[in-house]
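**Q** Any chance you can model this:
(one chain, ligands or ions: 1)
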Amino acid sequence: MKLVIEKLDYEGQGVTHIDGKVCFVKRALPEEEVEAMVLQDKKHFTLMKTIQVFKKSERRVSSFCSYADICGGCTYDIISYEDSLLAKKKMVEELFEKANLNFSSCSIIPSKEILGYRNKISLKVSNGCIGYYEEETHQFVAIENCLLAKPSIQSFLKDIAFCSLSNGDITIRANYNDELLISINSDKEPLIDKRIVERHKIAGILWNGKCVYNNSFFFEKRDNLLYKVHAEAFFQINEDIPMEIWKMINKYFNFEDTVFDFYCGVGFFSLLLANVVKKVIGIEENPRAILDANYNAQLNMCNNVSFHVGKVEKVIEKIPYTANKVLVDPPRAGLHKNVVEKLLNNDFELICYVSCNPRTLCRDLQLLQQKYDIKELKLFDMFPYTKHVEVACCLSRKERR
Ligand SMILES: C[S@@+](CC[C@H](N)C(=O)[O-])C[C@H]1O[C@@H](n2cnc3c(N)ncnc32)[C@H](O)[C@@H]1O
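**A** You can find the predicted model right below:
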């Protein structure tokens, strides 16, 4: 059956209808006529995948990746980078409009690197081969490369056979200096062949969480700040975009401010803030990240920062500090309801919300709107060619009447 695609949805999938039922069609573009196979048939929608394109969109381009149709990691590799930015912007604008969120306009900041930008990738290992499980079939698909990864990671992937991996998974991270931090979870201890250490700058290798070569951390550098990052701690995966976010938000802070940095990780924003404001209080649930954050504060001589370990929603109940401004950078799930309540019950002058999920951002902003107005909102293309987009939003307390 030929399907005519009407538009793209929030995930970058084509949308069409069969007998009134909505169908989401992977790897199809608006106005295209395609044949698709059913992946899932649910009560309210059908999920499909394009198998043949009869009438191509003028916007369709050939993908740069030979695994694109099976991997599922990239969604916008079948249109130009410029068109992918427009699609992401439209997606967020529509989401906000539907949610009745008041803001005049938003722009999207492109990534400096549109390929080779990821400083971390995670892959499955099966019988010594690296790859991933295909989204639909969960079958292992071996790959040799991922063009989204930084060149130093791609070069390591070429030599991965020297690690004699068994079954499990591997995460490879690269820092600003192209040093690699590798975490392997597997049944058999990996072999650290001398060709690996001669050809690549290996900061450390961990096997099932235990350091088996060099260190379990490396250092990242942004601006004039150095950050120690443990293999199990979060660090922003695109080098330039977080600094673009900082350029947008830093004008909202000054030397009189005390700032809560909720979900602070190893202190990425906390230390940038520390140079601008009077005091920063960071909260993060990962104890490894908090150890690094404390180390990083000392390393960068920031003595106006304190870090607290625990879930934000719990720690805020007992923290012996108050602040006049807040920065939140939660995971994809967005803010816990207790955190939203805290933001509503305390009169913060400003909230900077950095989000990697526009849907949960939208949900949280709908609640925060009772007390706060959106002052500025910008999109950042942290993850080029994928369906993901980062949004930074600054909110100010509504005037009391
Ligand atoms: C998107 S990252 C942001 C980290 C940091 N702001 C940065 O820029 O590097 C989200 C962080 O929230 C932490 N996290 C997740 N759920 C949490 C919770 N309920 N309470 C505290 N931290 C949490 C994660 O460990 C992760 O470090």
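
**Q** use CA for all of it now, contacts and neighbours both
**A** Fine.

**Q** Test for you: state the pLDDT assigned to the closest residue to His308 other than its chain neighbours.
**A** Nearest residue to His308 in three dimensions, chain neighbours excluded: Ile283, at 4.8 Å (CA to CA, 6 or more residues apart in numbering). Reported pLDDT at Ile283 in the predicted model: 98.

**Q** And the residue of the stretch 201-350 of the chain closest to the ligand?
**A** Distances between the stretch 201-350 of the chain and the ligand by CA to the nearest ligand atom are smallest at Lys311, namely 3.2 Å.

**Q** And for the residue nearest to His308, the neighbour number?
**A** Taking other CA atoms under 10 Å as the neighbour definition, Ile283 ends up with a count of 28.

**Q** Could you show which parts of the stretch 251-400 of the chain are in contact with the ligand?
**A** For the stretch 251-400 of the chain, the contact set with the ligand under CA under 6 Å from any ligand atom comprises 263-266, 268-269, 284-286, 310-312, 329-331.

**Q** What's the local residue count around Arg59?
**A** Number of residues near Arg59 (other CA under 10 Å) recorded here: 11.

**Q** Go ahead and flag the most central residue of this structure.
**A** By CA atoms, centre = their mean, the chain has its centre lying nearest to Cys356, at 5.4 Å.

**Q** which element follows the longest strand seen in the chain toward the C-terminus?
**A** Secondary structure of the chain per DSSP state E: the longest strand is strand 45-55. Note on strand 45-55: by DSSP states H and E, the next helix or strand toward the C-terminus is helix 68-71.

**Q** so the residue nearest to the centre of the chain touches Cys393, yeah?
**A** No. Cys356 lies out of contact with Cys393 (CA atoms under 8 Å); the separation is 11.5 Å.

**Q** Pairing-wise in the sheet, spell out the partners of Ser306.
**A** Ile281 (DSSP bridges).

**Q** right, and it touches Ile281 too?
**A** Yes. Using CA under 8 Å, Ser306 is in contact with Ile281, at 5.0 Å.

**Q** who has more neighbours, those two?
**A** Neighbour count, other CA under 10 Å: between Ser306 and Ile281, Ile281 has more, with 23 against 18.

**Q** what residues are up against the more buried one?
**A** Ile281 makes contact with 258-261, 270, 305-308 under the criterion CA atoms under 8 Å, 6 or more residues apart in numbering.

**Q** May I have the phi/psi pair for Phe140?
**A** Note on Phe140: its backbone torsions stand at phi -70, psi 130 [degrees, to the nearest 10].

**Q** tell me the contacts of it?
**A** 126, 131-134.

**Q** where along the stretch 101-250 of the chain do the strands fall?
**A** 107-109, 120-126, 129-133, 140-142, 168-174, 179-186, 201-207, 210-214, 217-222, 225-230 (DSSP state E, counting those that start in this stretch).

**Q** Export those as TSV, with columns for distance to Met37.
**A** Formatted as TSV, those follow (distance: least, CA to CA, whole Å):
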stretch	distance to Met37
strand 107-109	34
strand 120-126	26
strand 129-133	19
strand 140-142	20
strand 168-174	30
strand 179-186	35
strand 201-207	40
strand 210-214	44
strand 217-222	45
strand 225-230	43
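
**Q** Packed most tightly, which of these would that be?
**A** Mean neighbours per residue, mean count of other CA atoms under 10 Å, is largest over the strands of the stretch 101-250 of the chain for strand 179-186, with a mean of 23.

**Q** What is the burial count for the nearest residue to the residue of the stretch 201-350 of the chain closest to the ligand once chain neighbours are set aside?
**A** Of all residues not flanking Lys311 in the chain, Glu285 sits nearest, at 4.8 Å (CA to CA, 6+ apart). Glu285 has 18 neighbours, counted by other CA under 10 Å.
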